[in-house]
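Engineer: This is the structure alone, sequence omitted:
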């Protein structure tokens, strides 16, 4: 049995191998490419021929290096960088730091603390593909939000009337109108027949057509000379970026839906009250397929940022929100909880209202509700059974009667 510590970097990786007594067997540096991974694998094989006897400590939770380590069937532990940073003081109290020392610290933690560390589970190809698409969609949505905010701010500054008219960039007619008339003076200079053709092509309601015509009648804000063309080009560029991002988000959601249909646990998560493709896909990818040695639901709630963190020292005690978490899953859980809290007939509706009446704020209540849902989904996932609202309502009444 050997223990490997790998200090990850963008272009190269320092590694250290130690035995069960903590003696250094070898150390070195490999580049971040296929040849470097092959060299690392050959070095490890020369020390230990059985992959299951190789324990690796890294500060990674994803990436090419981690995927390669899991494919070699090594036992891999993802170590929190803050824990590794504090463990370094045991070896160098002065605070001195270098990559070789960091690799040794990770190897030593894998040796001494492996009973407290949870090995990373190797997911199936279906789960990995689903997780990749859900995370890509999350990044695209963030980019779309940032682009929309920039466009909204630009319009509010230089074309306030047009900004009021185009207040929802998810609507295609608004993006098309901004492509046709990026500024208010362009809208005023457009011929009436062109506006009628635009409204007819997009099948706009009479109320929307009236809003466009009313906006056209108001005077345009005067833009100083030398700024008009630059502002116009920036608006057109932002609209083009929005169109591209929305198309890529739609593509990602199509791929997510395809992955869900091909996943063996799809039926379990599709039985939940929220049917959104992105939400179901994110939760399905987060739980994965490996039920052997699966984390407790409380551990998952902490990892996904909906469990409170209690800080207590002496007479001081306070509870705070956990911010170091998987934000993609955290957002999916909060959205899931929000939708169920306002779904008629769902038990979450009464729970949400009860917590609000007790003085909890909106997002604090959603995090509490998300913990409840994690516990429920974890049991459904472990037992491979479908969700039943009637059964859950009956169990809640039964527990309430027993408690009374």
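Structural biologist: Received, thanks. Values in this document were obtained by computation on a predicted structure and should not be read as measured data.

Engineer: in the stretch 201-350 of the chain, which spans are helices?
Structural biologist: Using DSSP state H, counting those that start in this stretch, the helices of the stretch 201-350 of the chain run over 206-217, 228-261, 266-270, 277-287, 297-303, 327-341, 347-357.

Engineer: what is the orientation angle of whatever helix or strand residue 193 lives in with helix 206-217?
Structural biologist: Counting by DSSP states H and E, the element that carries residue 193 is helix 192-201. Calculated by axes from the mean of the first three to the mean of the last three C-alpha atoms, to 10 degrees, helix 192-201 forms an angle of 150 degrees with helix 206-217.

Engineer: What is the distance between helix 192-201 and the centre of its chain?
Structural biologist: Taking C-alpha atoms, centre = their mean, to the nearest Å, one finds helix 192-201 lying 42 Å from the centre of the chain it belongs to.

Engineer: which helices and strands sit right next to it?
Structural biologist: Applying 3 or more C-beta pairs under 8 Å, 6 or more residues apart in numbering; DSSP states H and E, one finds that helix 192-201 contacts helix 172-180, helix 206-217. To be clear about C-beta, it is placed using only N, CA and C from the backbone, and glycine gets the same treatment.

Engineer: Go through these and pick out the most buried.
Structural biologist: Most buried of these by mean neighbour count (mean count of other C-beta atoms under 10 Å) is helix 172-180; its value is a mean of 17.

Engineer: Determine the set of other helices and strands touching that one.
Structural biologist: helix 160-165, helix 192-201, helix 228-261.

Engineer: Format these as a markdown table; extra columns: mean pLDDT and distance to residue 377.
Structural biologist: Shown next, in a markdown table, are those (pLDDT from 0 to 100; distance: least, C-beta to C-beta, whole Å):
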| stretch | mean pLDDT | distance to residue 377 |
| --- | --- | --- |
| helix 160-165 | 93 | 41 |
| helix 192-201 | 93 | 45 |
| helix 228-261 | 96 | 15 |
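
Engineer: The stretch 51-200 of the chain: strands as residue ranges?
Structural biologist: Counting by DSSP state E, counting those that start in this stretch, the stretch 51-200 of the chain has strands at residues 54-58, 75-78.

Engineer: can you redo these as CSV with mean neighbour count, mean pLDDT and distance to residue 369?
Structural biologist: Output for the strands of the stretch 51-200 of the chain, formatted as CSV (neighbours: other C-beta atoms under 10 Å; pLDDT from 0 to 100; distance: least, C-beta to C-beta, whole Å):
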stretch, mean neighbour count, mean pLDDT, distance to residue 369
strand 54-58, 25, 94, 34
strand 75-78, 20, 92, 28
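
Engineer: Switch these over to CSV; also include distance to residue 224.
Structural biologist: Shown next, in CSV, are these (distance: least, C-beta to C-beta, whole Å):
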stretch, distance to residue 224
strand 54-58, 55
strand 75-78, 55
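
Engineer: and residue 112, which of these is closest to it?
Structural biologist: strand 54-58 (10.3 Å; C-beta to C-beta).

Engineer: Leaving out chain neighbours, which residue sits closest to residue 164?
Structural biologist: Distances taken as C-beta to C-beta, 6 or more residues apart in numbering put residue 215 closest to residue 164, at 7.5 Å, once the chain neighbours are dropped.

Engineer: wait, the one you found sits on residue 167?
Structural biologist: No - at 11.6 Å, residue 215 and residue 167 do not qualify as touching, with contact defined as C-beta atoms under 8 Å.

Engineer: sorry, back to before: list the residues that contact the residue nearest to residue 164.
Structural biologist: Applying C-beta atoms under 8 Å, 6 or more residues apart in numbering, we find residue 215 in contact with 161-162, 164-165, 184, 187.

Engineer: So which elements touch the strand or helix carrying residue 368?
Structural biologist: Per DSSP H and E: residue 368 is located in helix 362-383. Helices and strands touching helix 362-383, by 3+ C-beta pairs under 8 Å, 6+ apart, are helix 266-270, helix 277-287, helix 297-303, helix 327-341, helix 347-357.

Engineer: Tell me the bridge partners for the nearest residue to residue 26 once chain neighbours are set aside.
Structural biologist: Excluding the flanking residues, the one nearest residue 26 by C-beta to C-beta, 6+ apart is residue 17, at 5.0 Å. Bridge pairing for residue 17 (DSSP bridges) gives the partners residue 4, residue 26.

Engineer: Look up the pLDDT of residue 17 for me, please.
Structural biologist: Here, the pLDDT recorded for residue 17 equals 95.

Engineer: try residue 403
Structural biologist: So, for residue 403, pLDDT stands at 46.

Engineer: Just the buried subset of the contacts of residue 215, please.
Structural biologist: Neighbour counting by 16 or more other C-beta atoms under 10 Å classes 161-162, 165, 184, 187 among the contacts of residue 215 as buried.

Engineer: so can I have TSV of the residues you listed showing distance to residue 44?
Structural biologist: Output for the buried ones among the contacts of residue 215, formatted as TSV (distance: C-beta to C-beta, whole Å):
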residue	distance to residue 44
161	67
162	62
165	63
184	66
187	66
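
Engineer: Residue 45: which of those is nearest?
Structural biologist: Nearest to residue 45, judged by C-beta to C-beta, of these is residue 162 at 65.7 Å.

Engineer: shouldn't residue 5 be in contact with residue 16?
Structural biologist: Yes - between residue 5 and residue 16 a contact is recorded at 4.9 Å, counting by C-beta under 8 Å.
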